[in-house]
Every structure is written in structure tokens, then in C-alpha cells.
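Undergrad: This is a predicted model, with the sequence first.
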Amino acid sequence: MAYFLTLDVGTTAVKAALFSHQLKLVALCGREYALETPRADWVEVDPNVYWQRAAEAVRDVLAASGVGAADIASITCATQGETLIPVDEAGCAVHNAIVWLDARAKEESVWLRERLDRLALYRATGLPEINGYTPVAKLLWIKRHLPDVYARTAKFLLLEDYLLCRLTGHCVTNPTLLCTTGYFDIQQGALWRQSLALCGLDAQKIPDILPCGTVVGPLQARAAAEFGLDARTVATTGAMDQVASAVGSGNTVCGVVTETTGTCQAVAATVDQATFRHWSPVTYYSHAMPGKLLQIVINQTAGIAYKWFRDEFCRDLTQTEGAFAAMDALAAGAPALSRGLIFFPHMTGMQFPVTDEGARGVFFGMGLDTGRDCFIRAVMEGVGYMLRESLHAMGLVPQRVISLGGGAKSGVWGQIKADICGVNFCIPQDQESTSLGAAMLGGCAVGTFADLQAAAGQVAIRRSFAPDAAQSARYEAGYTAYSRMYEQFAPLFAQGEKIGEE
């Protein structure tokens, strides 16, 4: 029997997963790693750490599954986007990985914004703007501040590219990884040379582009030995984690929407090629599905706000095993609208529908009858209002929304979202959607599935939430009030630093 091995490489951990040829999860193991912050705004990782933790996770998953190395048909990665790793001609890193969270290139991003037409940038790349996190700004920073590193670099790799290079010896990339770099044209499927030329960056330092789900090559003997794999196993291109998650949840045709309530909240919809007549704050990614784009909005604080409330105000519950379950029970006992309490969830700044780095979280409407149960439910409702606002701004009226991430484990939260948005919410059978999407791409690459749509057709739904008409009607008042909060509080956000002065 052939198995598909995947690596989901996130910000602080890697998960290795093994799937059967029927896309059933056989085993899952993870390993964590720490981020380095040598200076303010700098976030780095030694690239060898990614490799070592990935190898450990793969050996763990093989041991846990009992599957022999000879039965592994493919290994496919789904990684964080925007993390840069410069390598020399031999494929060896010449600098630490500059993690996507790294914001050292703020000055370079301002320089680029002043010289690139915003609409031209949007039409080519699907990015509303370039900021200090955007790889093209970081490449310019390296060229300006580390000219020796720039000169020694043969290829600037993204994280999946780096792992594939060490697995196979080939430097390649894919469109879903490149789409957030600021130097990739998502309409043409090729490098956007305008931004590269403006920065004086050598396009030859960007690896060749292969479609998602393409065989890159068999494993090098040394890599196979380190991972405990057979050298006949092939490595394939995968997809950026957000895209892989969409694929793994069945978001491969127009009209399907996924929302992920993890640390942040990501809302994604498969769409046909966009015209980009006007600038918009909505981002567009390349899709793993040929001829499609992924329309996406990311809000910075969602599940992390729920975790924050647990850690700060539910410490008595954290002493038990089911802290989140206990919080869910409290929220379920509170009435809809939380007795007038509304939570504005943008605790670390606002990215959508407007950009305001000074925005902060707000609890509004407390009374003497406001209990902890209301605060917990208000956090859930605030994230639900934020989701509805994103759907509206994206022009989406979905028949159903597929929920992913840690927030999807809460039935209370699922029902609240359905009631606020007035839409059916569904929970897939397999919540490891990112790993599953990578497995689908691996299966397509080796010919197990005719195409990605055939693979995605196997996604099963575990649970659904239909909106309650009476509750939805009540939430209209809450959403109306929420929609006015930013306008009312924006002047205070602007004064935030002065308010905090000592």
C-alpha cells in the first residue's frame, strides 16, 4: 500500500503526518522549535533547526504508524509563507532564516510604497500593499545591509523550497509560496520583474517555478537516511499552508468559503481570475487549483483573544484538564448578546477592513449584571462579528462556511458564528486540513488521484450548525453596534501612546 507523508511547518512547530492512499490519517507527530529575536523587529531561526525537527517528526510518525519506509510514495510540505532562507550554490544556508514575523525592512517597505503604483502592485501581485514583512522589502534590506550575504546567495528560498532543496538537491518553488513575496505576478504565473528591477535585485536568484503537486525528484541518499526514508520516495511541491488548508477542507471550487479561527482569523474563498479594476484591502493568493485564485482576509487576533482571556481571567479553570470546555459551558449559559457586552477583538492592531496599527481591543457595555460568562461569550461573539464583517467586505454570500482551526472544536462557538452570519457552518471530519491538503497534492503528483478536484471530493463533514432564525434576528442589533465601534474609538486609538505615557 502507498502512503503519503506530509510536513506542516508552522511558525513554532512542525507536524509530520502519514495518510493512506484513501487519505485517512494514520499517524501524526509534532516537534517544536524556538524563535530567535536578536534585535527589535528581528525574528530568525537557524535553518538547520527546521531540518532537524522535521527529520525527528518524520521518524516519530514512522515509528508510531508501523509503516515501512518502502511504502512511502511521496513527501510533501505545506509551510508558512514569506520566511526567507538565502543559500549558496551548494544549497547551504548563508544566513539564518528571516521569519515571516520579522519586520526589519520597514524603511525599505516605505521606499517601495513611494515608488510603486499601488493599483499596479495590486493588479499584478494581489497584495494591497507592501509592508516590512513582505519578502521583496527584506531582499532589498539584505542587499543594502548585508551585501556580502547578497553576493554569496545563489538562490533566495522560501521555507518549503529550502526543505525540498535538502531533500532532492533541486532549488524550485511554487506559485502559492511566491504569491505573497511582492515579486510574483499571480495573473501571469511568473515573476513580477517590475519590483525586482526597481530594487536592483537579480531575478536569477529566484528559483524555478513548478506547479503545486509536481514531482521534484527522488530523495538524496543522505536526506533519506536522516529522515529514515527510502531513497526511492519522491518529494513533491506542496503549497503555502493557508492554500493547503483550503485544499484540505474542500475549498477548491467557486462559492466555497473557509474560516480558520486559530491564533488569527483567516477567511478564504476560491474565485476565478479577478479583474482588479479597483484597489481593495482584500488579498488574493495563487491557488493550488489551476486557473483559480484564493481570496483571503486575515485578522490578527481571534483564538488568541480567547486564550488570553483564559490565561488572565480563568486561572481557576486552567487547573483542570478541560479549561476550554469549561469556558464553553459558561458561554453557553449566557444569553445571546451577552447582556449588552460587545467585544472589539483587534487587540494588536487592525488589518481589515482598514489598517490601523494603533487599534486595540475593547469591551463595551459592561453593567453590574455582567458576569464572567458574558465576557467569555462576548469574545466569541466579537470574533463572529469580525467574521461577518470580513465576509461582507469580500462580497461573499456563501451557502455554507467550513470552519477550521482550534475554534472549530467549540460547538458553542460554531453555533454563535452560524447565528451571527446567518449561514450554515460545517466542521470537516479531519481537522488537520493543512496536512491533508499536502497529502492530496502528493497523491496527485504520483498519479493516485486524477486531479486535485477528485482528491478534494473525499473531504467528509463531521458536524454542521444551522442558523437559528430568532437568534440571528437578535444578533442584527449586536452587529450594527459592532460595525460602529471602530469609527467611535478611532480617535482614542490615535491617542493611545499619549494615554499610556507615564
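TA: It's in. Numbering: from 1, shown residues only.
Undergrad: Next up, the contacts around residue 440.
TA: By Cβ atoms under 8 Å, 6 or more residues apart in numbering, residue 440 lies in contact with 23, 213, 247-248, 449, 452, 455-456. Glycine gets a C-beta too; all of them are placed from N, C-alpha and C.
Undergrad: Most neighbours among those residues, please name it.
TA: residue 247 (35 neighbours; other Cβ atoms under 10 Å).
Undergrad: host element of that one?
TA: According to DSSP states H and E, residue 247 maps onto helix 241-248.
Undergrad: One more: residue 482?
TA: Counting by DSSP H and E, residue 482 is part of helix 469-494.
Undergrad: Same check on residue 237?
TA: In the assignment (DSSP H and E), residue 237 maps to strand 234-240.
Undergrad: Adjacent strands (with direction) for that strand?
TA: Looking at strand 234-240 with DSSP bridges, its partner strands are strand 72-79 (parallel), strand 215-218 (antiparallel).
Undergrad: Select, out of those, the one closest to residue 372.
TA: Of all the strands paired with strand 234-240, it is strand 72-79 that lies closest to residue 372, at 37.8 Å by Cβ to Cβ.
Undergrad: What angle do helix 241-248 and the closest one make with each other?
TA: Angle of strand 72-79 versus helix 241-248, following axes from the mean of the first three to the mean of the last three Cα atoms, to 10 degrees, is 130 degrees.
Undergrad: how far is strand 72-79 from where the chain is centred?
TA: Put simply, strand 72-79 sits 18 Å off its chain's centre (Cα atoms, centre = their mean, to the nearest Å).
Undergrad: Now do the helix or strand that it is followed by: distance to the chain's middle.
TA: The helix or strand immediately downstream of strand 72-79 is strand 84-87, counting by DSSP H and E. Taking the mean C-alpha point of strand 84-87 and that of its whole chain, the gap between them comes to 20 Å (Cα atoms, centre = their mean).
Undergrad: Next secondary structure after strand 84-87?
TA: Taking DSSP H and E, what comes next after strand 84-87 is strand 97-98.
Undergrad: Which neighbouring elements make contact with that next one?
TA: Where contact means 3 or more Cβ pairs under 8 Å, 6 or more residues apart in numbering; DSSP states H and E, strand 97-98 is packed against strand 44-45, strand 84-87.
Undergrad: Test my guess that residue 207 contacts residue 154.
TA: No - between residue 207 and residue 154 there is no contact under Cβ atoms under 8 Å: 9.4 Å.
Undergrad: So which of these two has more stuff around it?
TA: Taking neighbours as other Cβ under 10 Å, residue 207 and residue 154 compare with residue 207 leading, 23 against 17.
Undergrad: quick one: contacts for the closest residue to that one other than its chain neighbours?
TA: In space, and not counting its chain neighbours, residue 207 is closest to residue 171: 4.2 Å by Cβ to Cβ, 6 or more residues apart in numbering. Contact partners of residue 171, counting by Cβ under 8 Å, 6+ apart, are 87, 91, 154-155, 157, 161, 164-165, 207-208.
Undergrad: which of these are buried?
TA: Neighbour-count burial (16 or more other Cβ atoms under 10 Å) is assigned, among the contacts of residue 171, to 87, 91, 154-155, 157, 161, 164-165, 207.
Undergrad: between these, which is nearest residue 30?
TA: Comparing the buried ones among the contacts of residue 171 against residue 30 with Cβ to Cβ places residue 164 closest, at 20.5 Å.
Undergrad: Can you tell me the element the residue lying farthest from the centre of the chain falls in?
TA: Here the centre of the chain is the reference, and by Cα atoms, centre = their mean the most remote residue is residue 368, at 39.5 Å. Assigned by DSSP H and E, residue 368 belongs to neither a helix nor a strand.
Undergrad: ok, it to residue 350 distance?
TA: 31 Å (Cβ to Cβ, to the nearest Å).
Undergrad: Downstream of the helix or strand where residue 443 lies, the next helix or strand is which one?
TA: Applying DSSP H and E as the criterion places residue 443 in helix 433-445. Using DSSP H and E, the helix or strand that follows helix 433-445 towards the C-terminus is helix 452-456.
Undergrad: What lies in contact with that following helix?
TA: Applying Cβ under 8 Å, 6+ apart, the contact partners of helix 452-456 are 23, 213, 247, 250, 252-253, 288-289, 440-441, 443-444, 449.
Undergrad: continuing past it, what's the next helix or strand?
TA: strand 461-465.
Undergrad: In PDB, could you pull the C-alpha coordinates for that next one?
TA: The C-alpha trace of strand 461-465 is given here as PDB (Å, rounded to 0.1, in the frame of the first residue of the first chain):
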ATOM      1  CA  ILE A 461     -18.200  16.700   7.100                       C
ATOM      2  CA  ARG A 462     -18.400  15.800  10.700                       C
ATOM      3  CA  ARG A 463     -20.800  18.300  12.100                       C
ATOM      4  CA  SER A 464     -23.000  21.200  10.900                       C
ATOM      5  CA  PHE A 465     -24.600  24.200  12.500                       C
END
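Undergrad: Run the chain-centre distance for it.
TA: Here the centre of mass of C-alpha atoms in strand 461-465, compared against the chain's by Cα atoms, centre = their mean, lies 22 Å away.
Undergrad: what number of residues lie near residue 274?
TA: For residue 274, using other Cβ under 10 Å, the count is 16.
Undergrad: Distance to residue 235 and mean pLDDT for the helices and strands packed on strand 97-98 - can I get that in a markdown table?
TA: Below are the helices and strands packed on strand 97-98 laid out as a markdown table (distance: least, Cβ to Cβ, whole Å; pLDDT from 0 to 100):
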| stretch | distance to residue 235 | mean pLDDT |
| --- | --- | --- |
| strand 44-45 | 21 | 96 |
| strand 84-87 | 16 | 98 |
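Undergrad: Of all the ones you listed, which one is nearest residue 102?
TA: Proximity to residue 102 (Cβ to Cβ) singles out strand 44-45 among these, at 6.9 Å.
Undergrad: Can you report how many residues neighbour the spatially closest residue to residue 242 that is not a sequence neighbour?
TA: Nearest non-adjacent residue to residue 242, counting by Cβ to Cβ, 6+ apart: residue 266, 6.0 Å away. Neighbour count of residue 266, defined by other Cβ under 10 Å: 22.
Undergrad: Now do the contacts for residue 266.
TA: Residues near residue 266 by Cβ under 8 Å, 6+ apart: 242, 258-260, 296-299.
Undergrad: Apply 7 Å and report the result again.
TA: Counting by Cβ atoms under 7 Å, 6 or more residues apart in numbering, residue 266 makes contact with 242, 260, 296, 298.
Undergrad: Residues in a beta bridge with the third one, which ones?
TA: This means residue 296. Beta-bridge partners, per DSSP bridges, of residue 296: residue 268, residue 283.
Undergrad: Now for it, how many residues are close by?
TA: If you count neighbours by other Cβ under 10 Å, residue 296 ends up with 21.
Undergrad: distance of it from residue 443?
TA: 24 Å.
Undergrad: What of the first one?
TA: Distance of residue 242 to residue 443, computed by Cβ to Cβ: 20 Å.
Undergrad: next one: residue 148
TA: Computed as Cβ to Cβ, the residue 148 to residue 443 distance reads 43 Å.
Undergrad: How about residue 347?
TA: Separation of residue 347 from residue 443 (Cβ to Cβ): 40 Å.
Undergrad: Between these two, which has more neighbouring residues?
TA: For residue 347 versus residue 443, neighbours defined as other Cβ under 10 Å are more numerous around residue 443 (26 against 17).
Undergrad: Give me the nearest residue to the more buried one, chain neighbours excluded.
TA: residue 449 (4.8 Å).
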